[in-house]
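Chemist: using only what follows, build the 3D model:
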Amino acid sequence: MSSSKAPNRPISPSIQEQDKNLDSLLRPQYLSEFTGQEKLKTNLGILIEAAKGRGESLDHIMFYGPPGLGKTTLAHVVSNEMNVNIRITAGPAIERSGDLAAILTNLRAGDILFIDEVHRLGRAVEEILYPAMEDFALDIVVGKGPGAKSVRLKLPRFTVIGATTRLALLTAPLRARFGALYRMDFYKLEAIHTIVLRGAEILQVPIDIAGASEIAKRARGTPRVALRLLRRVRDYAQVRGDGIITLEAAQEALLLLEIDALGLDDLDRRVLKAIIEKFNGGPVGLDTIGASISEESDTIMDVVEPYLLQLGFLERTPRGRVATPHAYKHLGIPLDETLKNQEQPRLL
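Modeler: Model (predicted):
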């Protein structure tokens, strides 16, 4: 099975190569520029102001939720608000405890260490991170065998900001060391609309309200997807139109990309159709779904499923995934009378 298609989907929330070039340009720099996640922004703002008022470094912070919602962006925002440096790394990139020790010893007082995909840290690396986060100390073993000695190095007070899409995979000791945990949810349509208009202004792309609204509707509540679709529609308007993103231009461009009115693409529809047509609507396990459409089950769980659950097209049950009547209706598949009358499975 291959998941090679998933990262290259226009509506994939995962970061793509073309996103990196414009990330710094489109990324908000301060909380006042950040759109959406209002409750999180309020709580984070209080945390920042309190720390600045006391002249202290921030508590360790964890952002969790589906990809593409702005966890990395918020880490940069926190760095700017606190006026401190930020060091960026990722769980898979820290392979040995020595790698983390090298990073920690180069931090200065107040600095932020941002660890993306923090749930993928190795156990040996976590053991080094525990005392660093709790006691701001680094325990190093010098020598080998009976003559080995443990040396403790003091570290300046710093802040770890972790980001994860899989909070449940975090070990309990690591999770307990984060003083503030913030969940990021899919954005409301109004917030995505504002993000599209701001992106168009920065990119200097002429756009009307209807065109921005059409892009926002199909962006799956995810800013990264919205800005990527904005660029794709911009290209279409430039080549096939007069350079202005109108409702018609947006609809035609997104039709070519096979993204429907709710933001579903070919992979989403294949997952739903597999459940409905091959497994009678479910329940069916993720591995079985993945095998039936030649995709990795992790891709379905991390990339496809969250939005389908948000729309109410899927339900999780103890026996597997079940397609709801809403999914049948959206795909134009007749719903059997027996399925209409059966009791809907209980959500986990």
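Chemist: pull the helix or strand with minimum mean pLDDT from the protein.
Modeler: Lowest by mean pLDDT, DSSP states H and E among the helices and strands of the chain is helix 337-341, with a mean of 47.
Chemist: SS state for the residue nearest the centre of the chain?
Modeler: Nearest to the geometric centre of the chain sits residue 67, at 1.4 Å (CA atoms, centre = their mean). Following DSSP: H, G, I helix; E, B strand; the rest coil, the label given to residue 67 is coil.
Chemist: so it makes contact with residue 166?
Modeler: No. Residue 67 is beyond contact range of residue 166, at 10.4 Å (criterion: CB atoms under 8 Å). (Glycine included, C-beta is placed from N, CA and C.)
Chemist: okay, and the common contacts of the two?
Modeler: Overlap of the contact sets of residue 67 and residue 166 (by CB atoms under 8 Å, 6 or more residues apart in numbering) consists of residue 302.
Chemist: can you give me the helices for the stretch 201-348 of the chain?
Modeler: Per DSSP state H, counting those that start in this stretch, the stretch 201-348 of the chain carries helices over the ranges 209-217, 223-240, 247-256, 266-273, 286-293, 297-299, 305-311, 325-331, 337-341.
Chemist: kindly report the same for the stretch 51-200 of the chain.
Modeler: Counting by DSSP H, counting those that start in this stretch, the helices of the stretch 51-200 of the chain are 71-82, 97-104, 123-134, 172-176, 189-203.
Chemist: low-scoring pLDDT stretches of this protein, where are they?
Modeler: 1-24, 141-145, 147-148, 336-348 (pLDDT under 70).
Chemist: okay, now the domains of the protein?
Modeler: 37-183, 189-256, 266-341 (automatic domain parsing).
Chemist: ok, which of these comes nearest residue 26?
Modeler: domain 189-256 (5.6 Å; CB to CB).
Chemist: the closest one: end-to-end distance?
Modeler: 23 Å (CA to CA, to the nearest Å).
Chemist: distance from it to the middle of the chain?
Modeler: 21 Å (CA atoms, centre = their mean, to the nearest Å).
Chemist: ok, now stretch 46-60?
Modeler: Using CA atoms, centre = their mean, the offset of stretch 46-60 from its chain centre is 25 Å.
Chemist: how deep is residue 193 tucked in, by neighbour count?
Modeler: By other CB atoms under 10 Å, 21 other residues sit near residue 193.
Chemist: and it, how close does it get to residue 59?
Modeler: Residue 193 sits 33 Å away from residue 59, going by CB to CB, to the nearest Å.
Chemist: could you do residue 183 as well?
Modeler: Counting by CB to CB, the gap from residue 183 to residue 59 is 17 Å.
Chemist: same thing with residue 50?
Modeler: 10 Å.
Chemist: please identify every residue contacting each of the two.
Modeler: In contact with both residue 50 and residue 59: no residue, using CB under 8 Å, 6+ apart.
Chemist: pull the contacting residues for the nearest residue to residue 121 once chain neighbours are set aside.
Modeler: Spatial nearest neighbour of residue 121, excluding adjacent residues (CB to CB, 6 or more residues apart in numbering): residue 91 at 4.5 Å. If you count contacts by CB under 8 Å, 6+ apart, residue 91 has them with 115-121.
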